[in-house]
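[1] Fold the following, please.
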Amino acid sequence: MELKCRESPVVTKLSSPEFHSIFTPEVQQLRNIFDKHNYEIRIAGGAVRDLLLKQKPTDLDFATVATPQQMKDMFTVENIRMINMNGEKHGTITPRINDKENFEVTTLRIDMITDGRHAEVEFTTDWKLDANRRDLTINSMFLGFDGSVYDYFYGYEDLQNRRIAFVGDPDVRVKEDYLRIMRYFRFYGKIAQYPDRHEEETLKILKNNVDGLQNISGERIWVELKKTLQGNFAGYLLKTMIDVGVGPFIGMLYQCNYNNCSKT
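    Next up is the predicted model:
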């Protein structure tokens, strides 16, 4: 499948009340530290999506060109405490700013080898390559501190159209991490306007890969399922999930025909 990407990634500029509300003193200090040391940093992922929907994000994640070691050196010089170093091998450093707020800042990366859940990564300074490793187009955007939205794979249009689409080839994206099957349904319930506007090719790919969920922990599956059931169209989505074969992986040992269930 051909990967569609933009020549120029900046698609719009935010100046909404929701955008301005994220600039706490701690966020400003984090920005100033990276500016001082000449490392570019942007807001990443879900927060960008939420702000484009005129929603205040519940949390902020950041991406940067600085490597984990460069970040550790920088925060040490600035006397910033770092916590939870478990994410360092995947590029994530967590500074605690003003002894008040923790921020996860992750080095741009490429997933070199994946086993359906975990990845071996290589760090990069290419924002598009990092966007390319992400799951859904609506989650692959970045936001500059000046309000510029960087969108390499048409996530902005998909968000406006309330379309849930994988970045690039859906089969490749799902095989990289089978939990993305569950994430597809969660974000459909969060973003879509209608309960039954799934793209048939996408559902086919989910069905072809559904056995990969056996490699995902029940806890991770439950987290995604719970969020799906708390979102829109929960009943419709549950039926669709059963149609693609998710049932056994969420504890449903029944085959449903929508009017009644028979034991398999």
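
[2] Settle this for me: I250 is touching L237, isn't it.
    No. With contacts counted by CB atoms under 8 Å, I250 stays clear of L237, the gap being 11.5 Å. Any C-beta I mention is one placed from the backbone N, CA and C, and that applies to glycine too.

[3] what are the ranges of the helices in the stretch 151-264 of the chain?
    Assigned by DSSP state H, counting those that start in this stretch, the helices in the stretch 151-264 of the chain fall at 155-160, 170-176, 180-191, 200-209, 218-229, 234-243.

[4] how about TSV for these, with mean neighbour count and mean pLDDT added?
    What follows is the helices of the stretch 151-264 of the chain, written out as TSV (neighbours: other CB atoms under 10 Å; pLDDT from 0 to 100):
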stretch	mean neighbour count	mean pLDDT
helix 155-160	18	96
helix 170-176	19	95
helix 180-191	23	97
helix 200-209	16	98
helix 218-229	16	96
helix 234-243	18	96
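
[5] Ok, which of those comes nearest N79?
    helix 218-229 (35.6 Å; CB to CB).

[6] tell me the angle of the closest one relative to helix 180-191?
    When axes from the mean of the first three to the mean of the last three CA atoms, to 10 degrees is applied, the directions of helix 218-229 and helix 180-191 differ by 20 degrees.

[7] Show residues contacting helix 218-229.
    Residues outside helix 218-229 that contact it (CB atoms under 8 Å, 6 or more residues apart in numbering) are 179, 182-183, 185-186, 189, 213, 234, 237-238, 241, 249-250.

[8] Same question for stretch 72-84.
    33-34, 36-37, 39, 66, 93-97, 99, 102.

[9] Mind doing that once more with 6 Å?
    With CB atoms under 6 Å, 6 or more residues apart in numbering as the test, stretch 72-84 has contacts from 33, 37, 94-96.

[10] In helices, which of these fall?
    Counting by DSSP state H, the contacts of stretch 72-84 place I33 in helices.

[11] Can you tell me which of the contacts of stretch 72-84 has the most neighbours?
    Highest neighbour count within those: P95, with 23 neighbours (other CB atoms under 10 Å).

[12] and it, what does it touch?
    Applying CB under 6 Å, 6+ apart, the residues near P95 are 75, 80, 82.

[13] now the residues you listed as CSV including pLDDT?
    Formatted as CSV, the contacts of P95 follow (pLDDT from 0 to 100):
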residue, pLDDT
F75, 97
I80, 97
M82, 96
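
[14] Any chance of these in JSON lines with neighbour count, secondary structure and distance to P17 as columns?
    Shown next, in JSON lines, are the contacts of P95 (neighbours: other CB atoms under 10 Å; DSSP: H, G, I helix; E, B strand; the rest coil; distance: CB to CB, whole Å):
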{"residue": "F75", "neighbour count": "21", "secondary structure": "helix", "distance to P17": "31"}
{"residue": "I80", "neighbour count": "19", "secondary structure": "coil", "distance to P17": "29"}
{"residue": "M82", "neighbour count": "16", "secondary structure": "strand", "distance to P17": "32"}
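
[15] so where's the protein shaky on pLDDT?
    1-3, 115-117, 253-264 (pLDDT under 70).

[16] Show me where it has its strands.
    In the chain, the segments counted as strands under DSSP state E are 10-13, 41-44, 61-64, 81-83, 92-97, 101-102, 104-107, 109-114, 119-123, 142-143, 148-150, 254-256, 261-263.

[17] Of those, which stretch is the most buried?
    Greatest average neighbour count among the strands of the chain goes to strand 142-143 (a mean of 26), per mean count of other CB atoms under 10 Å.

[18] helices or strands up against that one?
    Applying 3 or more CB pairs under 6 Å, 6 or more residues apart in numbering; DSSP states H and E, we find strand 142-143 packed against strand 41-44.
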